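Participant: Below is the sequence, then the predicted model.
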Amino acid sequence: DQQVKQNSPSLSVQEGRISILNCDYTNSMFDYFLWYKKYPAEGPTFLISISSIKDKNEDGRFTVFLNKSAKHLSLHIVPSQPGDSAVYFCAGARGSGNTGKLIFGQGTTLQVKP
Amino acid sequence: DTGVSQDPRHKITKRGQNVTFRCDPISEHNRLYWYRQTLGQGPEFLTYFQNEAQLEKSRLLSDRFSAERPKGSFSTLEIQRTEQGDSAMYLCASSLAYGRRGNEQFFGPGTRLTVL
């Protein structure tokens, strides 16, 4: 029962261009969606989140878009930098009144070429 | 360093042995989570504490696994009679229970377990 799916295992973009990472979910009970970045030998690091009542959230170079009707979210990184090369995970969560456990996708490895 | 810490970072053990991992969360966080990550997969939820109470356990957590958070601060995860399928990265995360950032979990660096 894969509630969160990231169908692209990898993505390669040129430095300065836009990176678009996609995520689909099946559980309509999720109240929040989060994106995490993970470097090798480190734990995931929180990047950005979005509430299910919004369709866009922006933080610097990172923007997350949510399309509830399609059960789809995407992370846009503009402009992409070599230091953005990492594995990116999207996750869904019920609201803070619940356990708050995160349900993760399988991850997408982003490579940004100089 | 006020982040989440885990000890040890790496553990190699023989099948059938018991292992114990420790997690120290961010001090003001009352929620603590354990996740397991295998190669090519995202982290999978194992169990969750609010203060010292263990409030949810995943079906992934077999009887050989036990977790404690005795004083609502640090937590331990013990695996008894380890099996090769237990080889994974074990991640600990902590968060606040309520508020706008209640869903933002802060992860430790993980403990890499290898069962030979």
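Facilitator: Structure received.
Participant: Pairing partners for the residue nearest to the spatial centre of chain B in the sheet, please.
Facilitator: Nearest residue to the geometric centre of chain B (C-alpha atoms, centre = their mean): B:Trp34, 3.0 Å. In this entry, B:Trp34 is beta-bridged to B:Thr47, B:Cys92, by DSSP bridges.
Participant: can you give me the strands in chain B?
Facilitator: Per DSSP state E, chain B carries strands over the ranges B:5-7, B:10-13, B:19-24, B:31-37, B:44-50, B:53-57, B:65-68, B:75-79, B:88-95, B:106-107, B:111-115.
Participant: Export those strands as CSV, with columns for mean pLDDT.
Facilitator: What follows is the strands of chain B, written out as CSV (pLDDT from 0 to 100):
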stretch, mean pLDDT
strand B:5-7, 97
strand B:10-13, 98
strand B:19-24, 98
strand B:31-37, 95
strand B:44-50, 94
strand B:53-57, 91
strand B:65-68, 96
strand B:75-79, 97
strand B:88-95, 95
strand B:106-107, 94
strand B:111-115, 97
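Participant: could I get these as CSV with distance to A:Gly100?
Facilitator: (Each C-beta comes from the backbone N, C-alpha and C, glycine too.) Shown next, in CSV, are the strands of chain B (distance: least, C-beta to C-beta, whole Å):
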stretch, distance to A:Gly100
strand B:5-7, 20
strand B:10-13, 28
strand B:19-24, 16
strand B:31-37, 6
strand B:44-50, 8
strand B:53-57, 10
strand B:65-68, 17
strand B:75-79, 16
strand B:88-95, 6
strand B:106-107, 12
strand B:111-115, 22
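Participant: which stretch among those comes nearest A:Ile53?
Facilitator: Among the strands of chain B, the nearest to A:Ile53 by C-beta to C-beta is strand B:88-95 (20.3 Å).
Participant: quick check: angle from that closest one to strand B:75-79?
Facilitator: Orientation check (axes from the mean of the first three to the mean of the last three C-alpha atoms, to 10 degrees): strand B:88-95 against strand B:75-79 gives 160 degrees.
Participant: Just the C-alpha atoms of strand B:88-95, please, in PDB.
Facilitator: C-alpha atoms of strand B:88-95 as PDB (Å, rounded to 0.1, in the frame of the first residue of the first chain):
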ATOM      1  CA  ALA B  88      18.900  -1.000   7.400                       C
ATOM      2  CA  MET B  89      19.400   2.600   8.400                       C
ATOM      3  CA  TYR B  90      17.400   3.300  11.600                       C
ATOM      4  CA  LEU B  91      16.400   7.000  11.800                       C
ATOM      5  CA  CYS B  92      15.200   8.900  14.800                       C
ATOM      6  CA  ALA B  93      13.200  12.200  14.500                       C
ATOM      7  CA  SER B  94      11.700  14.600  16.900                       C
ATOM      8  CA  SER B  95       9.100  17.300  16.700                       C
END
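Participant: got the contact list for it?
Facilitator: Strand B:88-95 has contacts (C-beta atoms under 8 Å, 6 or more residues apart in numbering or on different chains) with A:43-44, A:100, A:102, B:4, B:6, B:21, B:23, B:25-26, B:29, B:31-38, B:43, B:75, B:77, B:101-108, B:110-113.
Participant: Emit the PyMOL select command for whichever of the residues you listed are buried.
Facilitator: To isolate the buried members of those in PyMOL, using 16 or more other C-beta atoms under 10 Å in any protein chain shown:
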select buried, (chain A and resi 43+44+100+102) or (chain B and resi 4+6+21+23+25+26+29+31+32+33+34+35+36+37+43+75+77+102+103+104+105+106+107+108+110+111+112+113)
